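# Curious how this folds, go ahead:
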Amino acid sequence: MQKNIFFEVDSDVYEKFNMALNLSGDTSEKAADACLRWYIAQVFENASKEYTPKVSKQTDEHKDFYGKALQRIPMWALKPNQYNHKIIKAYFMSIDIAGEATLIMMERLCSDKERPDLYVPTFRNNYSQMKLDGPKSHGKVFEDDGERVWIWDEVEETLMQYKGSFYAGEE
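Predicted coordinates for the structure are as follows:
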């Protein structure tokens with residue numbers, strides 16, 4: 001479903017926006033959509049850096065805290081067209097290529113339209129959702145330091161069990 005948004009911008013920003021549209025050949029709707037998606041991704045990314053859950057490992061709450069990703073990883077492994085699958089595949093491919101996964105490398109892999117097996121047009125949004133374990137998140141799989149990316153300890157064993165379904169090596 002499409003929604004309309006109206007807002008005012010400085011005239012200089014508006015002129016430069018129109019010049020950029022002429023250079024890119026994009027429509028104003030497409031450019032605005034890309035800007036909004038970028039903004040959402042940045043906010044989620046910043047929120048995930050500040051997110052520090054308070055959970056006791058001795059309670060049943062702990063199972064609820066990370067259970068979402070543990071339950072979803074086997075399903076993601078079977079659905080190669082799903083964005084979560086593609087992002088996990090990019091993680092393992094980054095490790096294979098460079099010996100470590102970085103946010104930049106994963107984003108580059110997922111931005112190549114020529115690779116439909118990896119292409120995720122909303123990479124930042126989806127990746128950010130995979131760093132949170134909230135009620136509306138995809139389930140926490142990754143942690144990062146702003147550059148390097150690693151698997152969250154709580155799901156590592158399960159994810160490694162399904163690694164071959166996500167990435168089988170050099171492709």
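# Look up how far Gly139 lies from the residue nearest the centre of the chain.
Central residue of the chain (Cα atoms, centre = their mean): Tyr127, 1.4 Å from the mean position. For Tyr127, the distance to Gly139 equals 13 Å [Cβ to Cβ, to the nearest Å]. Bear in mind the C-beta positions are built from the backbone N, C-alpha and C, glycine included.
# repeat for Asp133
Distance of Asp133 to Gly139, computed by Cβ to Cβ: 6 Å.
# State the next helix or strand along the chain beyond the lowest-mean-pLDDT helix or strand in the chain.
Taking mean pLDDT, DSSP states H and E as the measure, the helix or strand of the chain with the lowest value is helix 61-77, at a mean of 74. Where DSSP states H and E defines the elements, the next helix or strand beyond helix 61-77 is helix 83-98.
# Return the list of helices and strands in contact with that following helix.
The helices and strands touching helix 83-98, judged by 3 or more Cβ pairs under 8 Å, 6 or more residues apart in numbering; DSSP states H and E, are helix 61-77, strand 101-102, helix 103-110, helix 123-129, strand 148-151, helix 163-166.
# average pLDDT for that helix?
Within the predicted structure, the mean pLDDT of helix 83-98 is 95.
# go on, stretch 22-32?
On average, stretch 22-32 scores 87.
# Please list the residues outside that stretch that contact it.
By Cβ atoms under 8 Å, 6 or more residues apart in numbering, the residues outside stretch 22-32 that reach it are Ile5, Phe17, Ala20, Leu21, Ala34.
# now the angle between helix 103-110 and the longest helix along the chain, please.
Determined from DSSP state H, the single longest helix within the chain is helix 28-50. Helix 28-50 runs at 140 degrees relative to helix 103-110, counting by axes from the mean of the first three to the mean of the last three Cα atoms, to 10 degrees.
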